[in-house]
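> Below are the sequence and a predicted model for it; my questions follow.
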Amino acid sequence: EAVTCSSYGFVWNQPAMSRKRPLEVAFPSLPAEQDEKIGWRDPEIPGDWQLQCGLLRFNVHRIIVTRGARSSPLIRSSTNKEYGQEGTDLSALLPASSHTMLEHVLDYMYGGSFPATSQSVDLAHILKIADVLQIKCLFEEAQDRLNDIVETEWIELPRLLSVMWSAMPAHAEAVLEQTAKCFFLLYKHPASLSDLRKLPTSALVALLEHRQLQLQVEDDVFHFVATLGLSSADKDSQVKLWSLVRLESLSERSKEAVKHLVTNDEQFPAREVLAAMLGRSEPSRLSPKASKDEVIATVKAWLSEVEDAKGKAEKKIAALKVFTYVLLEGRRLLDSENFRQTVLEKIRSLKTDAEWRTMELFEPFMVA
């Protein structure tokens with residue numbers, strides 16, 4: 001550090017702390033310098049509070065799980081000495097299917113990264129746990145990741161809806177709406193169709209009566225309900241679901257199938273279905289066909305958006321928009337073999353290059 005003396009006109013350059021100090025003893029390197037972190041899994045540092053979740057038990061440290069940005073206000077309140085408790089029982093607050101994800105959430109609370117998972121249903125369970133434990137930062141990150149799935153990973157929607165419908169009904173509407181918009185795609189995909197059939201009856205009713213339900217033909221709803229294997233003992237479910245089939249919009253072939261059901265199936269709720277049809281005043285829920293010139297102009301513009309999209313998510317959203325438009329409103333273009341092959345090649349390249357399984361939903365429509 002430079003020292004200036006104006007009286008004598010000299011500058012003395014001496015680096016700070018360069019001289020030898022009276023006491024200079026090297027401190028030995030110790031394991032403690034490695035900044036070891038306390039973990040709830042460490043048997044050498046046992047926890048002082050127990051979390052119970054069904055048959056699972058977790059011994060945690062109150063100072064960590066009740067203080068800081070990743071702490072749980074719920075657990076903190078339960079540690080109040082006035083309650084006289086030695087642990088927190090979460091069994092009644094969390095669905096059984098989410099119990100195994102709690103250990104990963106605890107790792108996060110102890111300073112770990114966001115729980116590693118490739119399953120959308122696991123993210124839904126993490127969101128539920130974060131909601132119950134009131135961990136804001138975890139809730140927001142899980143919500144962001146689930147939004148990415150809802151926006152672009154449509155093939156995951158049926159399984160995700162099933163979990164959200166039972167575990168977090170207040171948050172299920174966005175997933176329900178997107179599933180309704182994709183119904184015409186999911187119905188044609190065997191694995192997704194199987195997942196749709198496993199939905200609770202209340203979710204199926206909400207899906208088929210949703211204002212955003214998108215179809216290519218009304219026959220899809222008829223065949224979907226007809227193959228649900230509804231129990232004759234569940235009369236209410238039969239009535240609710242069959243009443244959502246718009247018989248007036250069915251093809252002649254499907255109408256013949258309905259006549260067969262009315263004639264030969266004593267359990268078929270014919271009177272209720274007829275009453276629902278006569279009381280219906282809504283317009284057709286089938287997407288209108290646009291003119292050829294309009295379709296060509298729209299597809300060209302939106303394909304350019306796909307190519308110009310910067311981020312991976314933006315490219316996916318743009319691609320889904322144009323492919324959905326082609327199938328619902330621009331179907332006349334699929335009569336062209338060249339156009340269909342061009343779109344099919346684009347779909348397959350996205351599926352391979354981006355490892356994007358959702359493109360499987362579009363392939364069947366592009367094969368002649």
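Thanks, I have the structure now. Bear in mind that the values here come from a model prediction, so they are computed numbers and not experimental data.
> Mind pulling the model confidence for the most centrally placed residue in the chain?
Residue closest to the mean C-alpha point of the chain, counted by Cα atoms, centre = their mean, is residue 146 at 3.9 Å. Confidence at residue 146, expressed as pLDDT, is 95.
> Surely residue 58 is within a strand?
Yes - in this structure, residue 58 lies within a strand as judged by DSSP: H, G, I helix; E, B strand; the rest coil.
> Run through the residues that contact the nearest residue to it once chain neighbours are set aside.
Excluding the flanking residues, the one nearest residue 58 by Cβ to Cβ, 6 or more residues apart in numbering is residue 51, at 4.4 Å. All C-beta spots, glycine's among them, are computed from the backbone N, C-alpha and C. If a contact means Cβ atoms under 8 Å, 6 or more residues apart in numbering, then residue 51 has 57, 58, 60, 75, 87, 88, 90, 102, 106 as its contacts.
> cool, residue 311 as well?
Taking Cβ under 8 Å, 6+ apart as the definition, residue 311 has no contacts.
> Residue 145 too?
Counted by Cβ under 8 Å, 6+ apart, residue 145 has contacts 114, 123.
> again, only this time at 10 Å
114, 117, 120, 123, 126, 127 (Cβ atoms under 10 Å, 6 or more residues apart in numbering).
> do the same with residue 333
290, 292, 295, 296, 299, 326, 327, 339, 340, 342, 343.
> Can you list the buried residues in the helix or strand hosting the last one?
Mapping residue 343 onto the secondary structure by DSSP states H and E places it in helix 337-353. Residues of helix 337-353 classed as buried under the neighbour-count rule (16 or more other Cβ atoms under 10 Å) are 339, 340, 343, 344, 346, 347, 350, 351.
> Dump those residues into TSV; add pLDDT as well.
TSV is the format used below for the buried residues of helix 337-353 (pLDDT from 0 to 100):
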residue	pLDDT
339	83
340	83
343	83
344	84
346	84
347	87
350	85
351	86
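> For residue 21, state which of those residues is nearest.
residue 350 (66.3 Å; Cβ to Cβ).
> quick one: that closest one and residue 359 touch, right?
Yes - counting by Cβ atoms under 10 Å, residue 350 touches residue 359, with 5.3 Å between them.
> Just the buried ones among the contacts of residue 51, please.
58, 60, 75, 87, 88, 90, 102, 106.
> Can you tell me which of those end up in strands?
In strands, judged by DSSP state E, the following of the buried ones among the contacts of residue 51 are found: 58, 60, 87, 88.
> Just give the nearest non-adjacent residue to residue 57, would you?
Residue 57 sits nearest to residue 50 (Cβ to Cβ, 6+ apart), 6.0 Å away.
> any idea of the mean pLDDT for the helix or strand containing the one you found?
For residue 50, the host element (DSSP H and E) is strand 49-53. In this model, strand 49-53 has an average pLDDT of 95.
> any idea of the angle that strand forms with strand 56-60?
Comparing the axes of strand 49-53 and strand 56-60 via axes from the mean of the first three to the mean of the last three Cα atoms, to 10 degrees yields an angle of 160 degrees.
> Sheet partners, orientation included, of strand 49-53?
strand 56-60 (antiparallel), strand 87-89 (parallel) (DSSP bridges).
> Enumerate the positions of the helix or strand following the longest one that are buried.
Stepping forward along the backbone from strand 56-60, the first helix or strand reached (DSSP H and E) is helix 62-65. When neighbours are counted by 16+ other Cβ under 10 Å, the buried residues of helix 62-65 are found to be 64, 65.
> pull the CA atoms of helix 62-65 into CSV?
Below are the C-alpha coordinates for helix 62-65, written out as CSV (Å, rounded to 0.1, in the frame of the first residue of the first chain):
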residue,chain,number,x,y,z
ARG,A,62,-36.1,-29.0,14.1
ILE,A,63,-33.6,-26.2,13.6
ILE,A,64,-33.5,-27.0,9.8
VAL,A,65,-37.0,-28.0,9.0
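> and it, what other elements does it pack with?
Applying 3 or more Cβ pairs under 10 Å, 6 or more residues apart in numbering; DSSP states H and E, one finds that helix 62-65 contacts strand 49-53, helix 73-78, helix 102-109.
> tell me the contacts of residue 258?
222, 226, 242, 245, 247, 250, 268, 270, 273.
> The buried residues of helix 337-353: which two are farthest apart?
Farthest pair in the buried residues of helix 337-353, by Cβ to Cβ: 339 and 351, 18.7 Å.
> From what I see, residue 217 and residue 183 are in contact.
No - if you go by Cβ under 10 Å, residue 217 and residue 183 don't touch, sitting 11.8 Å apart.
> sorry, back to before: for the residue nearest to the centre of the chain, pull up the helix or strand it's in.
Counting by DSSP H and E, residue 146 is part of helix 136-152.
> Low-confidence ranges, the stretch 201-350 of the chain, go.
Along the stretch 201-350 of the chain, the parts satisfying pLDDT under 70 run over 231-233, 283.
> Now with 50, please.
Applying pLDDT under 50 to the stretch 201-350 of the chain flags no residue at all.
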